[in-house]
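[1] Starting from these lines, generate the structure:
(one chain, ligands or ions: 1)
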Amino acid sequence: MSKSDYDISKLIFKALNHKDKNKKIFLHEPDFNDSNAFKYAKACIESGWVSSVGKFVDEFEIKLASFTGAKNAIALTNGTVALRLALFLVGVKQEDEVLVPPLSFVATCNAISHLGAIPHFIDIENKTFGMDPICLHKHLKKIGIYKNGNLINKETNRRISAICPVHVFGNPADCIKLKEVANNWSLPLVEDAAEALGSYISNNHCGLIGDVGVLSFNGNKIITTGGGGALITNNNEIARRAKHLSKTAKIDHPWEYYHDEIGWNDRMPNINAALGLSQLENILEKLKSKEMLMKSYCEIFENNEIVEVFEDKDEQRVSNNWLITLMLNLKDKSEILELRNNILKKSHENGIFIRPAWNILSELPMYKSMPRSSLKIVQDIYPRLINLPSSPHLARNLEFN
Ligand SMILES: Cc1ncc(COP(=O)(O)O)c(C=O)c1O
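    Below is the predicted model of the structure:
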């Protein structure tokens, strides 16, 4: 095989049963088909309650709690804000270190930085792409020491105050083991489940193994509110504080404006919740569509010597297939990047907008001097990854096969 010739466009067209080659295929598009989006948005506008209170916010939260099985769901303006609030609520303070994986969207680290805290990178495992619990434990043994009841990084003298794993591309990280490590070191676990609505670990929705979980409803997610996010938690006190702080810490009163601490304006506007509610009503269909896409890609790429579709074989972890991902199988590492870039180039020329994984966070200019474990696995995996078009609507062509 010549690395400059390899082209997966035909295989993608075949997997998607995509006949109109002039029609572009995007990575992940919102889908309002067969939904009450217009009806609810109209009702919201007509009511005049378009901002951060209103019945759609309440209904969206109730439905989200019911779908995820969380005792509490709090709708917020976006996932980054939700993550910042969650980290604050478990006690992350300025100059603390928060343990994170280096393979994620940049928002995971940014939310930590927005609190004045420091991301501390822990390597991932290749079976989930999520934070490796063994690496985490070993690394904490190497660098951690208790002083006055706090876990201190003896290399930087800073407090380590939380663990924040990420369910990458919707694939659950091994949060059962990560929770054990967190308990062992008395650290709170905040799950970045921004991409994982509809993903489960041992029948628990992602985000609910730890103390608090965070979801995103950005336009590219499995359901969207335009822009939006949420906290989900079974901890009633975290939920109560999240609601209070996200509403400028205002004490409820018909006319008085009294705020008892410094809060944020983080609540999801009603107009966004109206869209979200309409999307959430169709979540099961969207999950089903994504399962069909996954099945079709797996069939088409089966026995391919160069690429394979990533699948976590552990039955306890169920992915929502948010971004279905190809892994390049080349042994010769020096050739992988060239092959990946050629595949991307050829597919883009054919109107298929596939994407590589995000650049490794620990190599970005603002995070390259942050503390870390060995990051061997992420360095090996990162250049091998290609996200495939995964919009739920793409499955419509498959239903007639
Ligand atoms: C892993 C991860 N964390 C956090 C976020 C931030 O969410 P938002 O874009 O809603 O701020 C996103 C995505 O957008 C994400 O993919």
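
[2] now the helices: where do they sit in the stretch 301-401 of the chain?
    Under the criterion DSSP state H, counting those that start in this stretch, the stretch 301-401 of the chain carries helices at the ranges 336-349, 376-381.

[3] can you list contacts of the last one?
    The set of residues external to helix 376-381 that reach it, using C-beta atoms under 8 Å, 6 or more residues apart in numbering, is 101-103, 123-126, 129, 132, 135, 327, 333, 357, 360, 362. No exception for glycine: its C-beta is placed from N, CA and C like everyone else's.

[4] One more pass at 10 Å, please.
    Residues outside helix 376-381 that contact it (C-beta atoms under 10 Å, 6 or more residues apart in numbering) are 101-103, 121-126, 129, 132, 135, 310, 327-328, 333, 336, 357, 360-363, 372.

[5] Stretch 39-54 too?
    Taking C-beta under 10 Å, 6+ apart as the rule, stretch 39-54 contacts 32, 36, 55-57, 59-60, 75-77, 226, 246-248, 265-279, 281.

[6] Report the buried members of the residues you listed.
    Among the contacts of stretch 39-54, those classed as buried by 16 or more other C-beta atoms under 10 Å are 36, 55-57, 59-60, 75-77, 226, 246-248, 266-279, 281.

[7] I'd like to know which of those residues are part of helices.
    Under the assignment DSSP state H, these contribute 55-57, 59-60, 246, 270-279 to helices.

[8] May I ask which two of the residues you listed are separated the most?
    246 and 278 (22.7 Å; C-beta to C-beta).

[9] what's the residue nearest to residue 7 when sequence neighbours are not counted in contact with, if anything?
    The shortest distance from residue 7 to any non-neighbouring residue, by C-beta to C-beta, 6 or more residues apart in numbering, is to residue 346 (4.2 Å). Residues near residue 346 by C-beta under 10 Å, 6+ apart: 4-9, 352, 354.

[10] mind checking how far residue 346 is from the ligand?
    26 Å (C-beta to the nearest ligand atom, to the nearest Å).

[11] and this protein, which of its residues are near the ligand?
    Residues of the chain lying close to the ligand (C-beta under 6 Å from any ligand atom) are 78-80, 83, 104-105, 107-108, 166, 192, 194-195, 216, 218, 229.

[12] Show me this protein divided up by domain.
    9-33+283-397, 37-280 (automatic domain parsing).

[13] just those: most buried one?
    domain 37-280 (a mean of 21; mean count of other C-beta atoms under 10 Å).

[14] Any idea how far apart the tips of that one sit?
    10 Å (C-alpha to C-alpha, to the nearest Å).

[15] And the average pLDDT for that domain is what?
    Per-residue pLDDT values over domain 37-280 give a mean of 97.

[16] what separates it from the chain centre, distance-wise?
    10 Å (C-alpha atoms, centre = their mean, to the nearest Å).

[17] ditto for stretch 355-371
    17 Å.

[18] Please convert the helices of the stretch 301-401 of the chain to JSON lines, extending it with mean pLDDT and distance to residue 97.
    Below are these laid out as JSON lines (pLDDT from 0 to 100; distance: least, C-beta to C-beta, whole Å):
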{"stretch": "helix 336-349", "mean pLDDT": "95", "distance to residue 97": "31"}
{"stretch": "helix 376-381", "mean pLDDT": "97", "distance to residue 97": "18"}
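
[19] Output those helices as CSV; include the columns distance to residue 206.
    Below are the helices of the stretch 301-401 of the chain laid out as CSV (distance: least, C-beta to C-beta, whole Å):
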stretch, distance to residue 206
helix 336-349, 28
helix 376-381, 20
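
[20] Among those helices, which comes closest to residue 183?
    Closest among the helices of the stretch 301-401 of the chain, using C-beta to C-beta: helix 376-381, at 23.9 Å.

[21] who's in contact with whatever residue of the chain ends up closest to the ligand?
    Closest residue of the chain to the ligand, C-beta to the nearest ligand atom: residue 79 (2.4 Å). For residue 79, the contact set (C-beta under 10 Å, 6+ apart) comprises 105, 107-108, 111, 192-195, 214-218, 221, 227-231.
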